[in-house]
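*Asks:* Everything below, folded, please.
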Amino acid sequence: MYKVLIADDHAVVRQGIAYLVNQQSQFKVVAQTATGSDTYMKVEQGDIDIVILDLSMPPGESGIITTQRIHTKFPQVKIIILSMHEEQEFINQAIHNGAAAYILKSSADTEIITALKTVITGHQYLDANIILSKDDLKEINTDGVAVELTGFASLSKREQEVFPFVALGYSNKEIAEKLFISTKTVEAHKANISRKLKLKSRADLVRYAVHHHLIDL
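*Replies:* Predicted structure coming up:
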C-alpha cells in the first residue's frame, strides 16, 4: 500500500482527490496539507511515498521550491504536480526540480490515477494534454530552467523553512510556533538569511523572494 500526501490550499479539492485516490487498492491518503512548508515538514516526518502537490498555495512557499526541497532531501518520495498552470515554464521547472509527474487540473480524473500507477514503477508521467518539444526537453535537462537558487541554496534547511514566513511578514513568535523553535532561534535564522543573501531589509527580502519565485502571494 502506497501512502499518499495531498497538498492543496483548497479543502474541497483535497477531499475530492482523497476520495478518488482511496478508491484505488494500491493507494491510501494518510495526510493532507495546505501550504508548501507544512508539506515539507510532513514528508520530513517520514512514512510518505507519494505527494500530490499544487504549485500555488498562497500565501507561502512556492510549490516549485517545495518540489525542489523534497526531491533533494527525500528523492525516494514521488511528487505528482496537480496544477491549474498550463504554461510550459511551470511544467519545465517542476520536472527539472524533481517532479515525477505533471497533471493539469482541467484534465479528467483518470489522469491522476494513471500518474499514480506510473510513478510507482519509477517512470515519469505527463498529462496527455501536455506535449514537450525538443527545446523543452533541453531546458529540463539543463540548469537554466531551475528557479535561481544559488543564494537560496546556501541557506541551511531550517533557514529555508524560516525564509517564506519572514517574507510574508509573520512575527518571530508566529514563526517560532509554526516551526516549534524559540523566538531567539528565529532571530538568529533571520540574521543569517540577511547576511547570506546580502539583504538589508525585509523589503529587499520580499523583492528577492518574488523575483526568484520563492513564494506565492
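
*Asks:* secondary structure class for Gly16?
*Replies:* helix (DSSP: H, G, I helix; E, B strand; the rest coil).

*Asks:* quick one: it and Leu82, what's the gap?
*Replies:* In this view, Gly16 and Leu82 are 11 Å apart by Cβ to Cβ, to the nearest Å. All C-beta spots, glycine's among them, are computed from the backbone N, C-alpha and C.

*Asks:* which stretches of this protein form helices?
*Replies:* Counting by DSSP state H, one finds helices in the chain at the ranges 11-22, 36-44, 63-73, 88-96, 110-119, 134-140, 157-167, 172-179, 183-197, 202-211.

*Asks:* Lowest mean pLDDT across these, which one is that?
*Replies:* Here the lowest mean pLDDT among the helices of the chain goes to helix 134-140, at a mean of 59.

*Asks:* Kindly provide the distance from the most centrally placed residue in the chain to Val119.
*Replies:* With distances taken as Cα atoms, centre = their mean, the chain has Thr66 as the residue nearest its mean C-alpha position (2.6 Å). To Val119, Thr66 is 17 Å away according to Cβ to Cβ.

*Asks:* Repeat that for Thr72.
*Replies:* 18 Å.

*Asks:* The two: which is more packed in?
*Replies:* Val119 (20 against 13; other Cβ atoms under 10 Å).

*Asks:* and Tyr19, how many neighbours does it have?
*Replies:* 11.

*Asks:* just Gly169 next, same as before
*Replies:* Here the count is done by other Cβ under 10 Å, and Gly169 has 10 residues near it.

*Asks:* Isn't it up against Ala209?
*Replies:* No - the pair Gly169 and Ala209 fails to qualify as a contact (Cβ atoms under 8 Å) at a distance of 11.3 Å.

*Asks:* circling back to that earlier point, check the helices of the chain for me and report the most buried one.
*Replies:* helix 63-73 (a mean of 24; mean count of other Cβ atoms under 10 Å).

*Asks:* which residues are in contact with that one?
*Replies:* Counting by Cβ atoms under 8 Å, 6 or more residues apart in numbering, helix 63-73 makes contact with 7, 36-37, 39-40, 43-44, 51, 53-57, 77, 79, 81, 83, 90, 93-94, 97-99, 146-147, 149, 152, 157, 160, 213-214, 216, all of which sit outside it.

*Asks:* how does the chain divide into domains?
*Replies:* Split into domains by automatic domain parsing, the chain comes to 2-140, 152-216.
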